[in-house]
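**Q** Sharing a sequence plus its predicted fold:
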Amino acid sequence: MPASPVIEVERLNVTYGDFAAVRDLSFQVERGELYALLGTNGAGKTSTLEVVEGHRSATSGTVRVFGESPQDRRAVRPRTGIMLQESGFSPDLTVRESVGLIGALSGRQDDVDRVLGVAGLTHKAGTRVAQLSGGEKRRLDFATAVYGGPELVILDEPTTGLDIQSRDALWAAVDRLRDEGSTIVLTTHYLEEAQQRADRIGLMHQGTLRQEGTVVELTRTLPSVISFGLPAGAPEPPIDISRANGVFHVETFGLQEDLYRLLGWAHDNGVALQELQAGPTRLDDVFRAINRD
């Protein structure tokens with residue numbers, strides 16, 4: 001029998017008065033995958049995750065985490081680590097005290113010093129939270145989320161405020177969690193993180209799920225683009241092109257074939273293609289297309 005999904009969301013609606021923040025939303029997160037839920041500000045991501053986390057009740061619809069209602073904290077919370085955008089630690093506690101306190105509340109077992117090492121906070125163990133930088137507070141958020149190696153880890157904008165080295169260290173720690181079998185749910189405004197790491201991506205806009213799939217499945221919904229300039233007097237290329245501000249553009253679902261034709265034509269006619277650029281569709285192209293709807 002296949003393993004049941006870790007998260008099941010079916011026809012979820014979340015309203016605030018007359019405003020519908022989430023509308024008829026359905027998706028699943030499978031065991032062991034990294035699922036990225038993306039969207040612009042106001043798309044409904046936070047409201048959705050708050051229901052999944054058990055922090056908010058659904059207006060209607062069904063949400064299950066490990067087959068249970070997320071409101072059943074005794075059944076769900078010990079198996080789930082959550083990295084919120086802002087956790088609100090007590091400023092008077094030290095880093096070690098904060099990790100130990102939140103870890104104890106989670107119901108999971110771990111060694112505080114080990115977790116501090118994972119989050120790169122060993123040297124800050126005795127520092128009070130009030131004295132931490134913004135990036136160090138994000139690492140503290142991460143430390144409390146991964147305490148005890150939870151089966152499900154929800155990362156809400158995890159790398160905001162982190163420098164490059166800290167980002168790399170955080171993702172290395174996430175990779176280790178995945179190797180150990182954890183399921184990851186990610187929200188991020190850094191689309192390249194989702195493109196590089198997510199198994200599947202859900203794209204939300206105005207409270208609904210507009211597209212879902214792997215990076216390949218999402219990006220192949222839009223054409224790739226070849227752009228170049230031509231010297232004065234060059235013959236017309238044997239390919240459908242458009243022109244804007246002196247730059248020629250080719251939109252194609254057959255990038256390799258059309259690029260081969262274009263380069264062959266340029267070689268045969270002695271034409272130097274100026275500032276030639278070609279590449280597959282990126283996730284941010286899909287993201288922009290959805291937001292134009």
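**A** Received the coordinates, thanks.
**Q** could you give the mean pLDDT of stretch 195-207?
**A** For stretch 195-207, the mean per-residue pLDDT is 94.
**Q** and it, how far out from the chain's middle?
**A** The chain centre lies 6 Å from the centre of stretch 195-207; the measure is CA atoms, centre = their mean, to the nearest Å.
**Q** Could you tell me the end-to-end distance of that stretch?
**A** In stretch 195-207, first residue to last residue: 22 Å (CA to CA, to the nearest Å).
**Q** For it, buried residues please.
**A** Across stretch 195-207, burial judged by 16 or more other CB atoms under 10 Å covers 195, 197-207. All C-beta spots, glycine's among them, are computed from the backbone N, C-alpha and C.
**Q** for the stretch 151-293 of the chain, which spans come out with low pLDDT?
**A** Across the stretch 151-293 of the chain, the ranges flagged by pLDDT under 70 are 293.
**Q** quick one, helices of it?
**A** 164-179, 191-197, 215-219, 255-269, 283-291 (DSSP state H, counting those that start in this stretch).
**Q** Which one of those helices lies nearest to residue 114?
**A** helix 164-179 (11.4 Å; CB to CB).
**Q** Assign residue 143 to helix, strand or coil.
**A** helix (DSSP: H, G, I helix; E, B strand; the rest coil).
**Q** Which residue ranges make up the domains of the chain?
**A** 7-218, 221-291 (automatic domain parsing).
**Q** Just the terminal-to-terminal distance for the last one.
**A** The first residue of domain 221-291 is 15 Å away from its last residue (CA to CA).
**Q** same question, stretch 92-111
**A** In terms of CA to CA, the two terminal residues of stretch 92-111 are separated by 22 Å.
**Q** again with stretch 234-252
**A** With CA to CA as the measure, the ends of stretch 234-252 fall 22 Å from one another.
**Q** Ok, stretch 144-153 next?
**A** 11 Å.
**Q** can you list contacts of it?
**A** With contacts defined as CB atoms under 8 Å, 6 or more residues apart in numbering, stretch 144-153 is touched by 6-7, 65-66, 78-83, 87, 98-99, 102-103, 106, 108-110, 115, 118-119, 154-155, 173-174, 177, 180-185.
**Q** now that stretch, how far from the centre of its chain.
**A** Using CA atoms, centre = their mean, the offset of stretch 144-153 from its chain centre is 18 Å.
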